[in-house]
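Novice: sequence-free structure coming up:
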């Protein structure tokens with residue numbers, strides 16, 4: 001099972017049909033994704049389930065429906081086990097960005113964290129689950145597939161928000177502060193924390 005977010009409303013990719021309550025079921029193979037996105041954006045419908053026949057084919061079939069943008073990002077912890085957050089578009093987020101030519105997703109994740117926050121000395125500890133969300137750019141919908149990595153850094157210098165990317169704050173947040181920040185964050189970020 002996979003979850004793809006449209007403005008924090010989930011599209012669940014699954015092989016199980018369930019009785020509709022707050023959500024609608026559609027067949028993955030034949031669904032009109034554009035209409036589904038519009039319905040999620042303009043109605044009180046809380047979720048959509050796209051039903052496929054084979055677990056292994058769910059994500060590949062879905063990713064064929066829209067262009068995919070691949071990104072890398074990091075959940076970075078410091079020596080005090082604080083998490084590095086950025087504040088962009090009036091929401092708390094984790095640093096991430098689009099992969100560049102001839103770059104691995106690991107290299108992308110490290111570069112993006114460094115560029116968006118000013119933090120250096122990053123070491124990848126482990127890969128975290130990928131997240132998926134749909135966004136609109138130049139009038140067209142796209143799927144962003146983000147590869148996430150848990151990272152560590154002993155960095156103790158100044159933090160620098162990448163203002164040209166719309167980032168207004170960068171902060172190390174302890175557990176209590178992180179819980180508070182997640183109340184004003186994205187659904188896919190909540191899954192990672």
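Specialist: Sure thing, it's come through. Note that this is a predicted model, so its numbers are computed, not measured. Residues are numbered from 1 along each chain as shown.
Novice: contact partners of the longest helix along the chain?
Specialist: Determined from DSSP state H, the single longest helix within the chain is helix 105-117. Applying C-beta atoms under 8 Å, 6 or more residues apart in numbering, the external contacts of helix 105-117 come out as 70-74, 76, 84, 86, 95-100, 103, 119-120, 122, 124, 147-149, 151, 159-162, 165, 167, 170. Any C-beta I mention is one placed from the backbone N, CA and C, and that applies to glycine too.
Novice: buried set for it?
Specialist: Residues of helix 105-117 classed as buried by neighbour count (16 or more other C-beta atoms under 10 Å): 105, 108, 109, 110, 111, 112, 113, 114, 115, 116, 117.
Novice: and after it, which helix or strand comes next?
Specialist: As assigned by DSSP states H and E, the chain's next helix or strand after helix 105-117 is strand 123-127.
Novice: now the angle from that following strand to helix 105-117?
Specialist: Orientation note: strand 123-127 sits at an angle of 120 degrees relative to helix 105-117 (axes from the mean of the first three to the mean of the last three C-alpha atoms, to 10 degrees).
Novice: and the helices in this structure, which stretches?
Specialist: Using DSSP H, helices in the chain cover 33-42, 55-63, 105-117, 175-182, 187-192.
Novice: and those helices as CSV, adding distance to residue 16 and mean pLDDT?
Specialist: Compiled in CSV, the helices of the chain are given as follows (distance: least, C-beta to C-beta, whole Å; pLDDT from 0 to 100):
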stretch, distance to residue 16, mean pLDDT
helix 33-42, 18, 95
helix 55-63, 10, 95
helix 105-117, 30, 98
helix 175-182, 28, 97
helix 187-192, 20, 94
